[in-house]
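Novice: predicted model and sequence follow; I will ask about them next.
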Amino acid sequence: MEHIAELQHVTKRFGSKAAVDDVSFTIDKGSIVAVLGPNGAGKTTTISMMLGLLEPTSGSVRLFGQTPKQPQVKQRIGAMLQDVSVIDGLKVREVLALIRSYYPRPMRLEELAALAGFTEEDLGKRAEKLSGGQKRRLGFALALAGNPDLLFFDEPTVGLDTPARRSFWEQVRALSDRGKTILFSTHYLQEAEDAADRVILFNRGKIAADGTPQAITAQLTSRSVTFTTDTRSLEGHALMSADTEQHIRERLLPVPGVHDCTCQEGRWTVTADNTDTVLAAIFRYQLPVHDIRTQQGRLDDAFEIMIHNDDTQGAVS
Ligand SMILES: Nc1ncnc2c1ncn2[C@@H]1O[C@H](COP(=O)(O)OP(=O)(O)OP(=O)(O)O)[C@@H](O)[C@H]1O
């Protein structure tokens with residue numbers, strides 16, 4: 001697999017503070033990578049070093065095997081950063097034509113317009129008159145203007161409504177299918193889970209987790225088994241006696257890997273490392289349960305757990 005980007009032991013200090021602290025990773029061609037992490041985790045600093053806007057204090061950043069500052073590298077990169085600034089007085093078509101003219105092999109104007117969802121009418125509008133959402137689409141088109149191989153999107157869907165967001169991710173997926181590599185930062189964890197092949201979680205300048213959204217979730221969260229219990233007998237008597245509750249707890253809590261066993265509004269939740277062992281125990285002891293479901297934690301939960309663990313360990317060390 002071809003490596004589009006390679007960071008080796010990259011550290012960036014501002015004064016005595018390491019904003020990025022000995023970070024190494026590679027990015028494969030055609031992948032969609034989400035960079036996640038709380039405020040101040042080091043995401044923007046890392047992306048800025050990859051874009052050649054900041055120099056690492058130590059370590060090396062290579063894009064397409066070269067330093068990001070090389071003109072041949074810059075021509076192969078497109079970026080959509082937070083604020084899309086437009087040149088006052090120019091029409092959308094003119095802004096696109098201008099930026100295309102900087103590149104040796106730009107994307108065709110019609111293709112750009114289609115990818116950004118601009119109609120003929122939109123192309124004739126003055127760029128500063130566009131709505132916030134349209135400006136972001138212009139930013140998207142500008143990032144693509146040079147027909148880049150590697151794209152950076154910094155929180156790309158902030159301020160977009162749900163249909164615009166969905167269509168943005170469809171375009172990103174189509175770009176990845178064409179072999180383009182995409183790196184984006186987001187605070188929407190659900191979005192990373194839905195859109196990315198890989199998630200790199202930053203915390204305190206370090207990579208706290210790296211893998212598919214599913215792998216990270218599985219690695220960091222417990223799974224759970226939930227079920228209800230008979231509350232009425234055939235004659236209509238209340239069945240869910242304190243004895244039954246105690247019986248369930250006594251049977252399930254000692255099962256290896258079980259963390260917790262709680263009941264809320266008639267539904268029990270048993271959290272455990274492995275849901276199969278819980279199911280086996282339910283059947284082995286023939287517990288009087290119904291409507292059994294297994295659930296796995298979401299990336300949001302994994303993220304919270306990771307940050308919490310890291311901070312706790314940081315406080316101890
Ligand atoms: N130019 C700078 N001078 C001094 N400190 C900086 C500078 N840029 C970033 N920092 C510090 O480096 C750390 C990492 O910041 P960075 O912007 O990379 O975080 P981030 O993960 O992008 O956060 P956010 O989600 O808020 O954008 C923070 O503590 C920040 O205050």
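Specialist: Now that the structure is in, tell me what you want to look at.

Novice: just list whatever residues bridge to the residue of the stretch 201-317 of the chain found nearest the ligand.
Specialist: Using CB to the nearest ligand atom, the single residue of the stretch 201-317 of the chain nearest to the ligand is Phe202, 5.9 Å away. Backbone N, C-alpha and C define where each C-beta goes, glycine included. As for beta bridges, Phe202 partners with Ile207 under DSSP bridges.

Novice: ok, it - contacts?
Specialist: The contact partners of Phe202, taken as CB atoms under 8 Å, 6 or more residues apart in numbering, are 35-37, 41-43, 46, 208.

Novice: which two of those residues have the greatest separation?
Specialist: Looking at those by CB to CB, the two members farthest from one another are Thr46 and Ala208, with 13.2 Å of separation.

Novice: more neighbours, the two?
Specialist: Taking neighbours as other CB atoms under 10 Å, Thr46 and Ala208 compare with Thr46 leading, 28 against 19.

Novice: so what's the more buried one closest to, chain neighbours aside?
Specialist: Leaving aside its sequence neighbours, Thr46 sits nearest to Val20 (CB to CB, 6 or more residues apart in numbering; 5.5 Å).

Novice: residues in contact with Asp210?
Specialist: Contacts for Asp210 (CB under 8 Å, 6+ apart) come out as 25, 198-201, 216.

Novice: so which of the residues you listed belong to helices?
Specialist: When DSSP state H defines the helices, the subset of the contacts of Asp210 inside them is Ile216.

Novice: among the contacts of Asp210, which two are most distant?
Specialist: Phe25 and Ile216 (14.2 Å).

Novice: more neighbours: which of the two?
Specialist: Taking neighbours as other CB under 10 Å, Phe25 and Ile216 compare with Ile216 leading, 24 against 17.

Novice: does that one really touch Ala209, like I thought?
Specialist: Yes. Ile216 sits in contact with Ala209 when judged by CB atoms under 8 Å, with a separation of 5.0 Å.

Novice: which residues touch Leu279?
Specialist: Residues near Leu279 by CB under 8 Å, 6+ apart: 225, 292, 294.

Novice: mark which of those are buried, thanks.
Specialist: For the contacts of Leu279, a neighbour count by 16 or more other CB atoms under 10 Å gives the buried set as 225, 292.

Novice: mind putting the contacts of Leu279 in JSON lines, pLDDT included?
Specialist: Listed next are the contacts of Leu279 as JSON lines, based on pLDDT from 0 to 100:
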{"residue": "Val225", "pLDDT": "92"}
{"residue": "Ile292", "pLDDT": "93"}
{"residue": "Thr294", "pLDDT": "87"}
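
Novice: fine, thanks again, bye for now.
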